[in-house]
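J.: Everything below, folded, please.
(chains A and B)
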Amino acid sequence: MQERVIEKAAQLLESGLCSRVLGWKKGEFFYDVTPGVFTTAQEVRNEMVFTPFCGANLSKYLIAESRKEGKVAAFLKPCDTYSFVQLQKEHRIRRENVYAVGVQCEGMCDLDSLTALNLTGITGAEGLGENLKVFTLYGEETLSRKDALSLRCNDCKSKKLLDCDEILGESGEEQDSHRFDQVEALEAMTAEERFAFWRRELSKCIRCNACRNVCPACSCEKCVFDNPNSGVENKAAADPFEENLFHIIRAFHVAGRCTDCGECTRVCPQHIPLHLLNRKLIKDMNQLYGTYQAGADFETKPPMLDFTQEDPEPSIITNGRDSG
Amino acid sequence: MQRIGVFVCWCGSNIAATVDVKQVAEALGKEPGVVFSTDYQYMCSQSGQEMIQEAIREHRLTGVVICSCSPRMHEATFRKTCQKAGLNPYMVEIANIREQCSWIHKDKITATEKAVILGRAAIAKVHLNAPLTAGTSPVVKRALVIGGGIAGIQTALDIADAGFPVDIVEKKPTIGGKMTQIDKTFPTLDCAACILTPKMVDAAQNENIDIISYAQVEKVQGFVGNFSVTIRKKARYVDETKCTGCGLCTEKCPQKKIPNEFNLGLDNRRAIYIPFAQATPKVATIDPNYCTMLKTGKCGVCSKVCTAGAINYKQEDEIITREYGAIVVATGFEPISMEPFDEFAYSQSPDVVTSLELERLMNAAGPTGGTLLRPSDGAHPHTLVFVQCVGSRCDGAQKGKSYCSKICCMYTAKHAMLIREKYPDTEVYVFYIDVRTPGKNFDEFYRRAVEEYGVHYIKGMVGKVTPQDGKLKVQASDLLGGRQMHIDADMVVLAAAIEPDKSARPLATMLTASMDTNDFFTEAHPKLRPVESPTAGIFLSGACQGPKDIPETVAQAGAAASKVIGLLSKNSLTCNPCTAKPDELMCNGCSSCEKVCPYGAITYVDKPFRGPNRTTLTRRVAQVNPAVCQGCGACTVACPSGAMDLQGFSNKQILAEVDAICR
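T.: Down below sits the predicted model:
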């Protein structure tokens, strides 16, 4: 797939159809791939990659890129396309300035998963269907892809490539995902246990803001946490408990817009399972207002921005449904 | 820094008895920014208002806090007061220390403490207040009346008389409502039809009134002065403009066994029908649930006999959208279902009837032609038992209603009297909890039933009615006589409680008009604004607001009409300046606010903004139309970046209030 991606990117630039390419850029090590914008075919051939470590969701970068002059080609994995659609729904991306190339994905690896398997000095990896061949400084090893995947990819919700101008590979289907299992485990806890769980997790936060900066839903012109007039800007840093609330406020801000891409957890240097907060809200909304997937289409009204006379009022009218 | 004046009202003893007003004034006088603080017996009185104005001038106040009753009571009063003294009216804040403090607390120390806190919150808000200027919006000079019973008809006639066009939307094929089903009216015993049908004709012929019958309101948008209402006019499969109401079709239709709603199912009608002789509009309606032609495509008898060519089996529902300045709710009442009261054997014997059914059995246009006959065998009844309060004044309201239905005592006296007069060989028993007869000539009427007509009034409730050998065995207790009674009755009449029409609840949601727990519409003020809903531009007429008899309904209908006329005679209304306003520098243009705005007040424009290095960036940003925005605040919470704020109720102001309370 890597060859096809690079070839396509180079061709788009050479043909003059696009002036820029948004893709994944080689890092110092094999596994530290970063998003990058390429302007020449030369750059693409030298620096662009598509490896099992290209987890970054590129859609958010299109907010800025699509406003610049000329057309930008964007390479998007299935989960990236959900964010792509969601951001268009919010009028953030100028679709006419984007040439979207969908890339089918077999799940992205997580360095931690490999480290846990006692693999160090990784120099490369390639997918072989169910298996993954990993090259290290000390030799090569073939392991089951499932063991090497990040948690979010093991719970992949969909392999559909939405709203692409062109597709490399084939668009897939929605997956039978078990992504709410962990949320259910949290729900099964007592309130005290759950409180203790989140206090433990959230107190690890160093407020690096990586989760916010990477989140495609967190793309406000001015974030409330950066705005001295919002009244919450300083509060988050006031004491450890207020700091914990930063993540809760963030989860509420993206409720109904979060596509569950899992980038927040991927980038967290403290390994806080932040996606669980979003998933809990997604699960609750599904339960109360019917199943809704942010970014799945352009038409469906988001549950938090839509109201009907039949809407349940949690904890007031349950209508026989679980009041959540 | 603002120069704030604080005025603490005693409200006579309403506040002063529970709150130490002197102490409140003194404590609030020490708050930062407060340059004047005082208390007075009645702040809303003329001398109280003059005191405020004098203080504004003397102390050069820039903001005013009044600790008094609810802002719903006197906010407008005090705003006007301060405006006259040269202060912007939106620099006034009310701290509600009556409804939210003195009336709910008993302990003076606690109440005083709370009053100080509430005052402190209001001061904190005033510090952040900014002068606001109200715009105006035009008034659509047309009214909508929902429900075409006596209440709706009277309201429409009065509005039309004042020269304003008015539409009546009625869900049934004819206007007239419940009163058409009533035989005689208390306390004068004149015939209901004789006094109602001329009004129905007046309404139909009035050039200012448009009757939209067999129709329902589907959607209401807009606000006072500018409502946009979508009405679904159901297909009646008869062209109203061609039908002459001759009734030939209703005689020839082969579908004969359909329960007649007008006679409460006591006889039958055809699939094509005119509800009753004086129906307005007098046009036939095809019941699609029973019409063979509509169901199977075979029949067409009515179309063959109709000389006017009015039958149209392909007619479809019509959607009408119109603009109105005011809406009057006149949805009326229904008797409650007798299903939970099976101790009275309503479902077991056709001789147990409700009072409304008895009206039909005594009416000349009813199923028996006006002769009182037992529904089971058509025999003349000799012993009748009336049971009062069936479903009214129920304890705990497990079944039935906790309230008094108000009209039953009087109509039962009427029934008993009429029966005794027409059929002197009958014995009539009335079992009651209390007989309630307040009203002009009401008690005299009831006493006539007892004294002149010899109706047996017995204080006590009927325990059980058992149909046996063609009789109804009535088991009851006589509380005053202290005995159990067993009566073999021929008929039992149940005074069923009344409840608001079932269409009222969804309508209230559409109108955002509030209701009480019994689904009666609530008034803006139970004493001082009894015909207005708390939602501006929505008015209440008749039994939708509470149980009422005909004279009261007509009086209220006229009152509602006068309020509507007052509104429609204005050319424009002052808008609420507390509208939403986006901070364009923060707006993402994501459309969240537009999606939640119930008034359609938000649009978007692409606007150039200055970017870094002398560049220009074009961004999509929200725009609020202040003439349409009602200041509900839905957009401010939907906005993910907090760019949208409500003027006069900004997030900052509210948080300042919270902080002041928590201090």
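
J.: okay, CA-based contacts and neighbour counts for the rest of this
T.: Will do.

J.: which stretches of the stretch 301-450 of chain B have low pLDDT?
T.: For the stretch 301-450 of chain B, the stretches with pLDDT under 70 are B:396-397.

J.: mind listing the strands for it?
T.: B:318-324, B:326-329, B:333-335, B:352-354, B:383-390, B:427-432 (DSSP state E, counting those that start in this stretch).

J.: residues from the stretch 51-200 of chain A in reach of chain B?
T.: Residues of the stretch 51-200 of chain A that fall close to chain B, judged by CA under 8 Å from any CA of the partner chain: A:89-92.

J.: and which of those residues is nearest residue B:128?
T.: Nearest to residue B:128 among these is residue A:90, at 32.4 Å by CA to CA.

J.: for the nearest residue to residue B:477 once chain neighbours are set aside, what are its contacts?
T.: Leaving out its chain neighbours, the residue that sits closest to residue B:477 by CA to CA, 6 or more residues apart in numbering or on different chains is residue B:484, at 4.5 Å. The contact partners of residue B:484, taken as CA atoms under 8 Å, 6 or more residues apart in numbering or on different chains, are B:475-478.

J.: care to break the chain down by domain?
T.: No chain specified, so I'll use chain A. Following automatic domain parsing, one finds the domains of chain A at A:2-110+A:158-168, A:181-305.

J.: Chain B is the one I meant
T.: Domains of chain B are assigned by automatic domain parsing as B:4-128, B:143-234+B:317-332+B:501-568, B:248-305, B:334-499, B:580-647.

J.: Determine the number of other residues adjacent to residue 111.
T.: If you meant another chain, say so; for now it's chain A. For residue A:111, the neighbour count with other CA atoms under 10 Å in any protein chain shown is 18.

J.: that's the other chain; I wanted chain B
T.: 23.

J.: and the strands of the stretch 301-450 of chain B as a markdown table, adding mean neighbour count?
T.: Formatted as a markdown table, the strands of the stretch 301-450 of chain B follow (neighbours: other CA atoms under 10 Å in any protein chain shown):
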| stretch | mean neighbour count |
| --- | --- |
| strand B:318-324 | 16 |
| strand B:326-329 | 28 |
| strand B:333-335 | 19 |
| strand B:352-354 | 25 |
| strand B:383-390 | 24 |
| strand B:427-432 | 21 |
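
J.: As CSV, these with distance to residue B:456 would be great.
T.: Formatted as CSV, the strands of the stretch 301-450 of chain B follow (distance: least, CA to CA, whole Å):
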stretch, distance to residue B:456
strand B:318-324, 53
strand B:326-329, 40
strand B:333-335, 25
strand B:352-354, 19
strand B:383-390, 9
strand B:427-432, 5
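
J.: Out of those strands, the one nearest chain A is which?
T.: Comparison of these against chain A by CA to the nearest CA identifies strand B:326-329 as nearest, at 19.5 Å.

J.: who's in contact with that closest one?
T.: With CA under 8 Å, 6+ apart as the test, strand B:326-329 has contacts from B:142-147, B:152, B:224-227, B:537-541, B:544, B:560, B:564, B:567-568.

J.: Just give the closest residue to residue A:107, not the sequence neighbours.
T.: Nearest in space to residue A:107, with sequence neighbours left out and distances taken as CA to CA, 6+ apart, is residue A:153 at 5.1 Å.

J.: how much space is there between the one you found and residue B:279?
T.: 70 Å (CA to CA, to the nearest Å).

J.: so where do the strands sit in chain A?
T.: A:20-25, A:34-38, A:48-49, A:72-76, A:98-103, A:122-128, A:131-136, A:139-144, A:166-168 (DSSP state E).

J.: Show me what the last one is packed up against.
T.: Think strand A:166-168. Using 3 or more CA pairs under 8 Å, 6 or more residues apart in numbering or on different chains; DSSP states H and E, the elements in contact with strand A:166-168 are strand A:98-103.

J.: partners of the strand it packs on in the sheet?
T.: For strand A:98-103, the paired strands and their directions (DSSP bridges) are strand A:72-76 (parallel), strand A:166-168 (parallel).

J.: hmm, the top helix by length along chain B touching chain A?
T.: What stands out as the longest helix in chain B, according to DSSP state H, is helix B:108-128. No: residues of helix B:108-128 contacting chain A under CA under 8 Å from any CA: none, with a closest distance of 13.0 Å.
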